[in-house]
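In: using only what follows, build the 3D model:
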Amino acid sequence: MLLGSPIRASRYTHRVYLITAESSESRYVRHRRIIRFPQLTMPLLAGYTPDHWEVMHADEIVQKVDFDLPCDAVGITANTPASLHAYSLAAEFRKRGIKVIIGGPHATLMPEEVTEHADAAVVGEADLLWPLILKDVESGTLKRVYRSDVLPTLQHMPAPRWDLIKGRCYGKGVTIATRGCPFACEYCTIPQMYKRKMRYRPVEQVVDEVSMMPGKALILWDDNIAANRKYAKELFAGLAPLKRWWTSQATMDCAEDDEFLRLAAQSGCKALFMGFETISQASLLGANKAHNTAAKFKAVIQKMHAFGIAVQAGIVFGFDEEDRSIFKSTVDYYRDAGLDSATISVLIPFPNTPIFKRLDSEGRILTRDWSKYDGKKNVVFQPAQMSAHELLMGMEWAARQFYSLASILERMRISGTGLWWNIPRNLGYHLALRNFGAIGFNPSVLHGSSGAPAPAQGAQRFSALET
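Out: Okay, the predicted model is just below:
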């Protein structure tokens, strides 16, 4: 029995505490949202845990970490903005003599740094590594770094431990059917995580798993459910009899396939997230995202609506090709298009991605304080055509304009899709933004034609309803 383990009269001989780490800023933002999708990483990792290990889980969006919980090992998953917080969690457990393993996106990008704060770092996918790691914990032979050199096939992926998901108001039904994305966008961390290799679970396994899933709502945390449309159509046909309501992520090219959209809608698809990113085609080309065509975004949205599927777009500001006019033109474009919802942020050059290396070589990285790599409250690089402050304030302004009451009414009137849940979701974003105060300004208005500089940080604040 390892240090920290209690004596238990049960089939368990060891205990592991899994933590989905979130930075304080992320907890503040996401805790105030009406819909908070549960994360998949730790419930799935729990499914790979050997039977003689008891598993506990803390999702920091809805739960506090218990440092005095008796356990033999702690596993933490963290993205870059949560990494410093994850290190503080690790330090507390290590003080108690408990082994700490950190994985996730940041550990994959920065394993050497992670090993300075944890007993072990996991690089890439942990599916095949996790049982080996726990075996090494038991034998006292834990290695410093574990790398997933062999990618899991997903042929025998266990069901996630949905019972470990607590306090989520949008159900516990999370899983994947596919993993990976064939593209290599300059700013994206997925190529480092999954090596651009698509993998697919047998359709019958996914359908059987979903049939046992609690609740009616289903989130398929696939990076691109439309990467293989033949597979996707077979999956949708299998899901249709289960009468679930589901959402996932896809690329815009799926809108060219009416059969894909019809089968998706018939199988219960209510919305798809699409990483449109920017309405600037020059920016898309510069970010190695030529598979997106900005001129077709409006038609894609209309096509999705024709099949009763809502669109949530990923919108990112800060590409080199964009000037101060990008904020207003983006809001105007998507209001006119009837876009259902959007995740709006500033560009994040995550460490060791191609964009980080390029900006760093140009002397444009402003900080290596990873807690500021959140895309919401900080800009960590020098933009090409505006100041960092203007970029942040422009993004803040655009978010509040997009989720203003007038914009919600206009977009919902045009969309007409899933209004019974679409309107409340938009109002949730509106109320959440109001909780953060009325922040932001339109840099193009402040400069005008004279090019006068914007006011100092914090000097100007506007109402979220101002147009």
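In: which strand or helix spans residue 107?
Out: helix 105-109 (DSSP states H and E).
In: and stretch 343-354, average pLDDT?
Out: Average pLDDT, stretch 343-354: 96.
In: for the helix holding residue 107, give me every contacting residue.
Out: Here helix 105-109 makes contact (C-beta atoms under 8 Å, 6 or more residues apart in numbering) with 78-80, 82-83, 86, 114, 121-124, 189, 192-193, 350-353, 370. In this view, the C-beta of every residue, glycine as well, is placed from N, C-alpha and C.
In: only whichever of those are buried, select them in ChimeraX.
Out: Remark: buried members of those, expressed as a ChimeraX selection using 16 or more other C-beta atoms under 10 Å:
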select :78,79,80,82,83,86,114,121,122,123,124,189,192,193,350,351,352,353,370
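In: now, the contacts of helix 105-109 that are in helices?
Out: Residues of those located in helices (DSSP state H): 83, 86, 114, 192, 193.
In: show me the contacts for the second one.
Out: Spelled out, it's residue 86. If you count contacts by C-beta under 8 Å, 6+ apart, then residue 86 has 19, 21, 76, 78, 102, 106, 117 around it.
In: which non-adjacent residue is nearest it?
Out: Nearest non-adjacent residue to residue 86, counting by C-beta to C-beta, 6 or more residues apart in numbering: residue 78, 3.8 Å away.
In: quick one: pLDDT of the one you found?
Out: 96.
In: gap between it and residue 377?
Out: Distance check for residue 78 against residue 377: by C-beta to C-beta, to the nearest Å, it reads 18 Å.
In: all strands for this protein, in order.
Out: With DSSP state E as the criterion, the chain has strands at 14-20, 53-59, 73-77, 99-103, 120-123, 145-147, 174-175, 178-179, 199-200, 217-220, 245-249, 269-277, 310-317, 341-346.
In: need those in a markdown table (columns: distance to residue 283).
Out: Shown next, in a markdown table, are the strands of the chain (distance: least, C-beta to C-beta, whole Å):
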| stretch | distance to residue 283 |
| --- | --- |
| strand 14-20 | 32 |
| strand 53-59 | 34 |
| strand 73-77 | 31 |
| strand 99-103 | 32 |
| strand 120-123 | 31 |
| strand 145-147 | 34 |
| strand 174-175 | 32 |
| strand 178-179 | 27 |
| strand 199-200 | 30 |
| strand 217-220 | 28 |
| strand 245-249 | 20 |
| strand 269-277 | 7 |
| strand 310-317 | 9 |
| strand 341-346 | 13 |
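In: and among those, the most buried is which?
Out: Among the strands of the chain, the stretch with the highest mean neighbour count (mean count of other C-beta atoms under 10 Å) is strand 73-77, at a mean of 28.
In: angle of it against strand 99-103?
Out: 20 degrees (axes from the mean of the first three to the mean of the last three C-alpha atoms, to 10 degrees).
In: below-threshold pLDDT in the stretch 201-350 of the chain: ranges please.
Out: Applying pLDDT under 70 to the stretch 201-350 of the chain picks out no residues at all.
In: list just the nearest of the contacts of residue 86 to residue 181.
Out: residue 106 (18.9 Å; C-beta to C-beta).
In: name the nearest residue to that closest one, sequence neighbours excluded.
Out: Using C-beta to C-beta, 6+ apart, the closest residue to residue 106 is residue 83 (4.3 Å).
In: kindly report the same for residue 123.
Out: For residue 123, the closest residue by C-beta to C-beta, 6+ apart turns out to be residue 147, at 4.5 Å.
In: what does residue 263 give?
Out: Using C-beta to C-beta, 6+ apart and skipping the chain neighbours, the partner closest in space to residue 263 is residue 236 (4.0 Å).
In: can you tell me how far the one you found is from residue 107?
Out: From residue 236 to residue 107 the distance is 34 Å (C-beta to C-beta).
In: looking at these two, which is more packed in?
Out: residue 107 (28 against 25; other C-beta atoms under 10 Å).
In: buried ones in the longest helix seen in the chain, by neighbour count?
Out: Longest helix in the chain by number of residues, with DSSP H as the criterion: helix 419-435. Of all the residues in helix 419-435, those buried under the rule 16+ other C-beta under 10 Å are 422, 423, 425, 426, 428, 429, 430, 432, 433.
In: can you list those in a markdown table and add pLDDT?
Out: Listed next are the buried residues of helix 419-435 as a markdown table, based on pLDDT from 0 to 100:
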| residue | pLDDT |
| --- | --- |
| 422 | 96 |
| 423 | 96 |
| 425 | 92 |
| 426 | 96 |
| 428 | 89 |
| 429 | 91 |
| 430 | 92 |
| 432 | 85 |
| 433 | 87 |
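In: would you turn those residues into a markdown table with distance to residue 246?
Out: Output for the buried residues of helix 419-435, formatted as a markdown table (distance: C-beta to C-beta, whole Å):
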| residue | distance to residue 246 |
| --- | --- |
| 422 | 15 |
| 423 | 20 |
| 425 | 15 |
| 426 | 20 |
| 428 | 20 |
| 429 | 21 |
| 430 | 25 |
| 432 | 24 |
| 433 | 27 |
